[in-house]
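> curious how this folds, go ahead:
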Amino acid sequence: MDQVEGAVELAGWVADGGVVVLSGAGLSTESGIPDYRGPSGVARRATPMTYQAFTRDPLARRRYWARSHLGWRRIGDARPNDGHRAVARLQTLGRLDGIITQNVDGLHQAGGAHGVVELHGNLSRVVCLGCGVVSGRGELEDRLDAANPGFATTAENAVNAVNPDGDVELDDTALDGFTVVDCAACGGMLKPDVVYFGETVPPERVSRSFELVAAATTLLVLGSSLTVMSGRRFVLRAAKDGIRIAIVNQGVTRGEPYADLVVDAALGRILPALVDHVETSALST
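Below is the predicted model:
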């Protein structure tokens with residue numbers, strides 16, 4: 001099936017309603033946030049931060065916060081694209097019963113969506129591992145700027161690449177003297193409110209996602225290679241339960257053997273077209 005035929009069939013499925021979206025990094029590339037595996041992806045040269053290294057190794061923690069302090073500017077300044085806004089519009093039109101995202105950029109909500117299950121958390125929040133207080137990333141950035149005057153300006157020239165999870169590739173020589181700040185309430189260790197490698201997704205998010213998938217007519221995967229089991233398990237469950245699976249992504253995905261429909265297309269183009277189809281169908285009924 002070619003791209004045009006696939007898009008037409010997908011439009012009919014979406015117009016039927018009962019759709020649950022599972023989104024990945026490919027949905028945010030048109031907002032300027034790179035992914036790892038798609039056409040605009042970047043190859044990570046360093047090992048991603050693990051929960052164990054972050055909590056046990058002060059040097060690894062300092063390295064992470066210095067790199068994340070610089071990378072947050074790209075994530076924090078990103079704005080929702082036409083794909084995010086189209087998903088929110090389909091939700092408003094009553095065609096979506098749920099949105100599950102593997103992304104940590106908050107762009108679904110910024111684009112107007114609500115009730116989003118953020119599997120891996122959100123970089124705009126910071127949590128204290130001591131007292132559990134959750135605070136905003138902007139507050140932390142102000143404290144890091146105060147503790148490290150001039151660092152952001154000086155180190156910016158040493159940045160090699162920005163990663164999709166909000167940190168940057170940065171030579172260790174640029175980290176000298178960087179100071180990490182602790183929780184303002186209890187002095188405990190601060191961590192981005194995201195799920196690291198080696199850390200499990202909170203069970204309530206997983207169970208809520210499985211509930212949404214079980215009740216869906218169609219599971220619509222947007223911009224995910226489904227390489228990580230964290231997202232692919234929902235495709236496996238949908239396939240097991242006989243739920244229709246549609247994938248829209250640029251490039252191959254590990255979900256293709258289970259999909260009833262695969263469309264290789266830019267999300268910022270095809271999703272607004274789906275909205276137009278749904279709105280036209282509503283007017284003609």
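> can you give me the strands for the chain?
Here the chain has its strands, by DSSP state E, at 19-23, 96-101, 117-118, 121-128, 134-136, 159-162, 168-170, 190-194, 218-222, 244-248, 261-263.
> I'd like the average pLDDT over the third one.
Strand 117-118 shows an average pLDDT of 98 in the prediction.
> so what touches it?
Gly98, Ile99, Ile100, Thr101, Asn103, Val104, Gly106, Arg205, Arg208, Ser209, Leu212 (CB atoms under 8 Å, 6 or more residues apart in numbering). Quick note: C-beta positions are derived from backbone N, CA and C, even for glycine.
> quick one: contacts for the first one?
The contact partners of Gly98, by CB under 8 Å, 6+ apart, come to Val20, Val21, Gly115, Val117, Leu212, Ala216.
> of those residues, closest to Ile247?
Ile247 lies nearest to Val21 out of the contacts of Gly98, by CB to CB, at 11.4 Å.
> so what's that closest one bridging to?
Beta-bridge partners of Val21, counted by DSSP bridges, are Ile99, Leu220.
> what about it, neighbour count?
Using other CB atoms under 10 Å, Val21 has 27 neighbouring residues.
> ok, it to Gln91 distance?
9 Å (CB to CB, to the nearest Å).
> same thing with Glu30?
19 Å.
> neighbour-wise, which of these two wins?
Taking neighbours as other CB under 10 Å, Glu30 and Gln91 compare with Gln91 leading, 22 against 18.
> quick one: which of the strands of the chain is nearest His69?
Taking the strands of the chain one by one with CB to CB, strand 168-170 is closest: 9.0 Å.
> partner strands of that closest one, with direction?
As assigned by DSSP bridges, strand 168-170 forms pairs with strand 159-162 (antiparallel).
> make CSV from the strands of the chain and add distance to Trp65 to it.
Shown next, in CSV, are the strands of the chain (distance: least, CB to CB, whole Å):
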stretch, distance to Trp65
strand 19-23, 27
strand 96-101, 24
strand 117-118, 21
strand 121-128, 10
strand 134-136, 14
strand 159-162, 15
strand 168-170, 11
strand 190-194, 8
strand 218-222, 31
strand 244-248, 36
strand 261-263, 40
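> what's the weakest-modelled helix or strand in this structure?
One helix or strand of the chain scores below all others by mean pLDDT, DSSP states H and E: strand 159-162, with a mean of 62.
> number of residues surrounding Thr173?
8.
> show me where pLDDT drops low in this structure?
The model of the chain has pLDDT under 70 over residues 1-2, 36-47, 156-166, 283-285.
> show me where it has helices.
3-16, 51-56, 58-77, 82-92, 107-110, 137-147, 151-155, 203-214, 229-240, 267-283 (DSSP state H).
> now for the contacts of strand 117-118, which sits with the most neighbours around it?
Thr101 (30 neighbours).
> surely that one is in contact with Gln109?
No: because the distance of 9.5 Å does not satisfy CB atoms under 8 Å, Thr101 is recorded as not touching Gln109.
> give me the common contacts of these two.
With CB under 8 Å, 6+ apart as the test, Thr101 and Gln109 both reach Val116.
> which of the contacts of Gly98 sit farthest apart?
Longest span within the contacts of Gly98, CB to CB: Gly115 and Ala216, 14.3 Å.
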